[in-house]
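>>> quick check, what structure comes out for this input:
(one chain, ligands or ions: 1)
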Amino acid sequence: MELTIETSNQLKSKPDANHLGFGSLFTDHMFNMDYSPEKGWHHPRVEPYAPFALDPSTMILHYGQGIFEGLKAYRTADGRIQLFRPRENFKRLNYSARKLCIPELDEAFALTALKELLQIERDWVPDAPGTSLYIRPTIIATDPFLGVRASHTYRFFIILSPVGAYYPEGFNPIKIMVTREHVRAVRGGLGDTKTMGNYAASLLAGEKAHKEGFTQVLWLDGVEQKYVEEVGSMNILFVIDDELVTPMLNGSILPGITRDSVLALAASWGMKTSERKISIDDVFAAHQSGALTEIFGSGTAAVISPVGELRYEDKTILIGQNNAGPVAQRLFDTIMAVQYGRAEDPMGWIEPVD
Ligand SMILES: Cc1ncc(COP(=O)(O)O)c(C=O)c1O
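Numbering: from 1, shown residues only. Below is the predicted model of the structure:
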């Protein structure tokens, strides 16, 4: 497929790399591609970043048939641009596509298109420590139609946003509230996909947690409300008796790429790892006995997010004295060093852009 490029003649000024926030600034160009039953995925193009004109009846606006991904481009000390396991993101996008009746993309082509866009926007990849260019590939249903069925037409687009260091002043352990009142996803539902509705479903519990002074919600399974699933929009891991434990993927947990990387790294260090069902009662019992030494979240945004406090009903776990534990710290340092090209990449996780 021929990719066409239209460059913008009105370039924005680049932000100060030392004062970047998250998700509110976008680059000069974006990638777009369309799907129709007659032509399949077609007309791939890089063009100036611009708003869409959508008919008010467009299906994504009514039925939420849409999916997305989140990954980052990193600048190395010698100025190269690289991606971390991007093929996994496109694989997961296609998994989400299948579950939402969206036509799959050619994963190799999507990666080529992303690299093309990144080459055009390479000056937008910030160079201050810990900063990166966040990448948001998205597919939306575009039929102008009211009625519940799968759309016949779609738009795939990729936008880019320069983002700041997650921890400019060192780790900031998060305070977590376990909710039983709300669930994020259920068995047989869409919890293991990145679809918009999952994030809409998480808002009310998140707001309640914020009001009570907590950063994020810990989600329990949607059936028995007993087993730990995720924390906010991260996977969750525990160190119990020197073993790295994380909930087993069960269809309602998002299979995080950072989670997978963390498990692979820990195993390569000779650490025991286990993916299994873990109940919230097990977590409190392990804390009570002294076996629980660390809790942390994993995800693209923060890489590793230590949990300093966990509240469940009237019980609270305080852990780590406001610092990352040794396992969390080592995982954070190692993954960041690979992402920014400061360390060897024995797992083959890095994809150079240029
Ligand atoms: C619900 C949810 N869980 C887990 C993750 C972590 O996934 P990853 O490590 O691929 O960023 C994310 C972020 O993408 C998420 O939105």
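
>>> quick check: residues of the stretch 51-200 of the chain near the ligand?
residue 70 (C-beta under 6 Å from any ligand atom). The C-beta positions use only the backbone N, C-alpha and C, and glycine is treated the same way.

>>> all strands for the stretch 251-354 of the chain, in order.
272-276, 292-299, 303-312, 315-318, 350-352 (DSSP state E, counting those that start in this stretch).

>>> of these, which is nearest the ligand?
Within the strands of the stretch 251-354 of the chain, the stretch nearest the ligand is strand 292-299; the backing value is 3.5 Å (C-beta to the nearest ligand atom).

>>> need the contact partners of the closest one.
174, 176, 216, 231-240, 242, 256, 258-259, 262, 283, 286, 304-307, 310, 317, 319-320, 324-328, 331 (C-beta atoms under 8 Å, 6 or more residues apart in numbering).

>>> let's see 7 Å
231-240, 256, 258-259, 262, 283, 286, 304-307, 310, 319-320, 325, 327-328 (C-beta atoms under 7 Å, 6 or more residues apart in numbering).

>>> quick check on these: which are buried?
For the contacts of strand 292-299, a burial check counting by 16 or more other C-beta atoms under 10 Å picks out 231-240, 256, 258-259, 262, 283, 286, 304-307, 310, 319-320, 325, 327-328.

>>> so which of those residues are also by the ligand?
Okay, of the buried ones among the contacts of strand 292-299 touching the ligand (C-beta under 6 Å from any ligand atom), that's 233, 234, 235, 256, 258, 259.

>>> could I get the residues you listed as a markdown table with pLDDT?
As requested, these are exported to a markdown table (pLDDT from 0 to 100):
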| residue | pLDDT |
| --- | --- |
| 233 | 94 |
| 234 | 96 |
| 235 | 98 |
| 256 | 98 |
| 258 | 98 |
| 259 | 98 |
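
>>> out of the residues you listed, list just those in helices.
Those of those mapping onto helices are 258, 259, per DSSP state H.

>>> just send the ones next to the ligand among the buried ones among the contacts of strand 292-299 back as JSON lines, with distance to residue 145 too.
Listed next are those as JSON lines, based on distance: C-beta to C-beta, whole Å:
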{"residue": "233", "distance to residue 145": "30"}
{"residue": "234", "distance to residue 145": "36"}
{"residue": "235", "distance to residue 145": "36"}
{"residue": "256", "distance to residue 145": "34"}
{"residue": "258", "distance to residue 145": "37"}
{"residue": "259", "distance to residue 145": "37"}
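
>>> residue 196: which of the ones next to the ligand among the buried ones among the contacts of strand 292-299 is nearest?
For these, the residue nearest residue 196 by C-beta to C-beta is residue 233; the value is 12.5 Å.

>>> skipping adjacent residues, who's closest to that closest one in space?
Closest residue in space to residue 233, ignoring its immediate chain neighbours: residue 299 at 6.4 Å, by C-beta to C-beta, 6 or more residues apart in numbering.

>>> got the contact list for the residue of the stretch 1-150 of the chain found nearest the ligand?
Checking the stretch 1-150 of the chain residue by residue against the ligand with C-beta to the nearest ligand atom singles out residue 70 as nearest, at 4.9 Å. Residues counted as contacts of residue 70 (C-beta under 7 Å, 6+ apart) are 134, 136, 300.

>>> hmm, try it at 8 Å
Contacts of residue 70 by C-beta under 8 Å, 6+ apart are 89, 134, 135, 136, 194, 300, 301.

>>> among those residues, name the ones in strands.
If you go by DSSP state E, the contacts of residue 70 have 134, 135, 136 in strands.

>>> could I get these in CSV, plus columns for neighbour count?
Putting the ones in strands among the contacts of residue 70 into CSV (neighbours: other C-beta atoms under 10 Å) gives the following:
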residue, neighbour count
134, 21
135, 21
136, 16
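
>>> chain center to stretch 2-14, what's the gap?
27 Å (C-alpha atoms, centre = their mean, to the nearest Å).
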